[in-house]
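Enquirer: any chance you can model this:
(3 chains)
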Amino acid sequence: MEAGIVSYGAYVPRHRITPTEIGRVWGVDGEAMGLGLNVRRKSVPAPDEDTITISTEALRTALVRGAIDPQQIGALYVGSESHPYAVKPSATVVAQAVGATPNLTAADFEFACKAGTAAIQTCLGLVGAGMIRYGVAIGADTSQGAPGDALEYSASAGGAAFVIGKERVICRVERTTSYTTDTPDFWRREGQRYPSHGGRFTGEPAYFRHVTECAHRIMEASGTTPKDYQHVVFHQPNGKFPQRVGKQLGFTDPQMRYGLVTPAIGNTYSAAALIGLANVLDHAHPGERILMVGYGSGAGSDAFDLETTDAIASFEKGYGRPVEYYLENGVELSYAMYAKFRGKIHMGGE
Amino acid sequence: MRDVAVLGVGQTKFGELWDRSFREIGIEAGLQALVDAKLSSQDLGGLFLGNMASGALIDQEHIAPLILDATGLGHRHLPAVRVEGGGASGALALHQGYLAVASGLYDYVVVGGAEKLTDVPDETASRITSSAADHEWEVVFGATLPALWALVARRHMHDFGTTREELARVAVHAHEMGSKNPNAHYRNKLTLAQVMDAGPVAEPLGMLDCAPLSDGAAAVVLGPMELARKHTDTPVRIVASQVACDTMALHHRREITRLESTVVAARRAFDQARRIPSDVQVAEIHDAYTISALVSLEDLGFVDKGRAGPEFATGRFGPGGKTVVNTSGGLKAQGRPFGAVGVAQVVELVRQLRGEAKERQVSGANIGLAQDVGGTGATTVVHILERAN
Amino acid sequence: MSVARFWRETPRRYNLGGSKCTMCGTVYFPPRAVCPECTSHRQSIEKMVPYQLSGEGEVISYTIVHDAAEGFEMQVPYALGLVKTPEGPVLTGQIVDIEPETVAIGLKVRATFRKLREEGASGVIHYGYKFTPLDESGILPSARGPAAPAPAKDAPGPERTST
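Expert: Numbers count the residues shown, from 1 in each chain, chains lettered A, B, ... in the order given. Here you go, the predicted model:
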């Protein structure tokens, strides 16, 4: 493919909460829960943050790093399952906030946790077809688990933005492949505040089947095996699933080192694989091959066979925070403050 | 232009007047002033009414004819005009009344100021009064009036070394004065520790650095000096009435610790009166916040820039001092019914200059100054009054 | 607040679009139609052009607000500052992502994009600028200059984005 990644930026809110603190409130051994999930801390958005503000921060970073004129953006898609509006696009606010309006197409994507990778595929198509110069794909979420639900120990907030184009490509996209079925492992009905899920049904028939099948298919098409890749990134609803699926597929820990970020920030849903990829790119040298396999409940996987170019060596990373900053920093909250920040306290009125 | 005198004054109690409506307080203050001036209503030329936010506070606009009518003058078809200038609405109405009499168009006018803040919840009243700041570029971004004055305070402390304790002294002084004023919202005295330990509103300002939300009304009768002796043995001459405005938002000021509108209005007023600050024995100044009083003392010319904190601490603005400020208790203790404040300041000065201020009388008071500020200083009105002997 | 009332200011509130007087070079935010600095005030009319602020600045005063402005109740105590930009204008805005008690005069900040308030649970959401500390964030100003995306040379300013 001619089209590839021209620039990128990631953003994770400042606050964190530990599974131990969450478990303390619900009478659960949170430490054991955290170890079981391989999640040490999860990020928490401030009361004035949402998918739109997170997307904007990530994209502004990407635009400065890539020295991209926002007026050259022809398409902007925000993939999320926590768009602030049920009706009214996040993408238009983000486009206006970065100065990309009005000559572009914009839309919101939703496909559980893989709306961001779906947006990348769409941009690759538009750029590849010569319809636009730059396409922006963002995955961002401020997802919530119901109080006390297993999801509450991992559901977090963050975002990553990728600019897709043909000029000054820092990471080529050799191929992308998808695998999609109707599998109701996780959902949120219209008007419901928190999602529902099928418990352990989210594992084998859902995450593992789709990720594994999709990974096999793309490697088969590319004629590659796991050892051809320096880095691998999976969707990471927790820290355990990607480790297990990686082992099953034949990848080693060093290959997963940078792509696995959930243990430090939690499951950022639509951003999870993309922040992992951003961390890989933060560390990658020219000529390194990367396999990324996203997953969204419902269900589907998007796989990308990627390779960094010489341009990544001179890519400006000085602006914006590297992903590592977010993995290592943060201010911990009590459950009470977390509940207030996330609107989990019933305030009366309305 | 002819000389203008204050012939009569009236004022309601300030405070939480739960049992009294906007019209009732308007009537009371206006009628008191008419009686005090011994003015026949046939001779009245018109009404100027200062009010900041009746529409938002009591769902009633068009209040000048409403008060005129409530006072029983509806069928006289007098001109009645409402004047709005944020917290300076009252003094701005007085300026208009002054111009009307000085021009010779009217002989006698009533200038009233009234505000009813307790008919809405406190949070609503705070929101509405914060609209005296720039809504679009300050309030929308999280500013309130106390927060904006706190920005002034912090910078004043940074630039001039003003201390928390120096700020607190302003509130202690106000309550000391207010304790002697039967019309005051607060008549309790405060200690420095009480002010400094009070809960924070917008740091460094705490609860007791800020004037309360009060109901109240005040009124004065103005007339030409040459007719004043018909009405009173102790007419008080308005020797200066000046208005100056500045940028709406604090962030657009050239210096955020200087009330340029006060500097200019005061300079014009002292020029008009041919007086200097040290001639003034009594002054009613804008102590809506402790910091606003200190900055005002500097910008009115009573002390050098940056020196108000330590100078205030010497007691030179207290009883027995060269210039005694806010004998009424000021906005802090007498109360802060926004549109009534500027008129009430002049009511207090007239009482002082007539020698009728009882317990709080400043002996030998002949010249008084009133400074009324809107928002964070987008408007300042300065009046200088002299006892006519 | 009506939807239109906030919407019409979004080029300023989202993107820090100001104006510059082509006669004396002074920059304003929000944009002005006439230049207060020009001695010939009247001649600056129609000589004001759009100008984009970089979003960087320095705190020249601050307060920690405990008695919140309407819509900010969930954020108390919050820091509110006056931020002086290198271009000249001073802006009033919240300083976020910092412990309020550590804000100080001289703190270097940059503009960020946050929710300002919501019109209740079913109304529109208003977004705009706030400021975050440069130091703590680890963000280094780009060697190329402005923090905000640089506008194209041929079509500068916020008006491009306001339609």
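
Enquirer: now stretch B:116-128: average pLDDT?
Expert: For stretch B:116-128, mean pLDDT rounds to 95.

Enquirer: ugh, typo on my part, it should be stretch B:4-11
Expert: Mean pLDDT, computed over stretch B:4-11, is 98.

Enquirer: can I get it in PDB, CA atoms only?
Expert: Provided in PDB are the C-alpha atoms of stretch B:4-11 (Å, rounded to 0.1, in the frame of the first residue of the first chain):
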ATOM      1  CA  VAL B   4     -26.600  71.000  43.000                       C
ATOM      2  CA  ALA B   5     -27.400  70.200  46.600                       C
ATOM      3  CA  VAL B   6     -28.700  67.100  48.400                       C
ATOM      4  CA  LEU B   7     -31.800  68.200  50.200                       C
ATOM      5  CA  GLY B   8     -33.100  65.000  51.700                       C
ATOM      6  CA  VAL B   9     -32.100  61.400  52.300                       C
ATOM      7  CA  GLY B  10     -33.800  58.100  53.000                       C
ATOM      8  CA  GLN B  11     -32.700  54.500  53.400                       C
END
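
Enquirer: just the CA atoms of stretch A:339-350, as PDB, please.
Expert: The C-alpha trace of stretch A:339-350 is given here as PDB (Å, rounded to 0.1, in the frame of the first residue of the first chain):
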ATOM      1  CA  ALA A 339     -17.000   7.900  41.800                       C
ATOM      2  CA  LYS A 340     -17.500  11.700  41.800                       C
ATOM      3  CA  PHE A 341     -15.300  12.200  38.700                       C
ATOM      4  CA  ARG A 342     -17.200   9.500  36.800                       C
ATOM      5  CA  GLY A 343     -20.700  10.700  37.700                       C
ATOM      6  CA  LYS A 344     -21.400   7.600  39.700                       C
ATOM      7  CA  ILE A 345     -22.900   9.600  42.600                       C
ATOM      8  CA  HIS A 346     -26.500  10.200  42.400                       C
ATOM      9  CA  MET A 347     -26.900  14.000  42.800                       C
ATOM     10  CA  GLY A 348     -30.700  14.100  43.000                       C
ATOM     11  CA  GLY A 349     -32.600  16.500  40.800                       C
ATOM     12  CA  GLU A 350     -32.900  15.600  37.100                       C
END
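
Enquirer: that one near chain B at all?
Expert: No. If you take CB under 8 Å from any CB of the partner chain as the test, stretch A:339-350 misses chain B, and the best it gets is 13.0 Å. Every C-beta, even on glycine, is put in place using the N, C-alpha and C of the backbone.

Enquirer: which of the three states applies to whichever residue of the stretch 1-150 of chain B sits closest to chain C?
Expert: Here the stretch 1-150 of chain B gets closest to chain C at one residue, residue B:150, 3.6 Å apart by CB to the nearest CB. Three-state call for residue B:150 (DSSP: H, G, I helix; E, B strand; the rest coil): helix.

Enquirer: list the contacts of it.
Expert: B:201, B:202, B:203, B:204, B:205, B:289, B:291, C:63, C:65 (CB atoms under 8 Å, 6 or more residues apart in numbering or on different chains).
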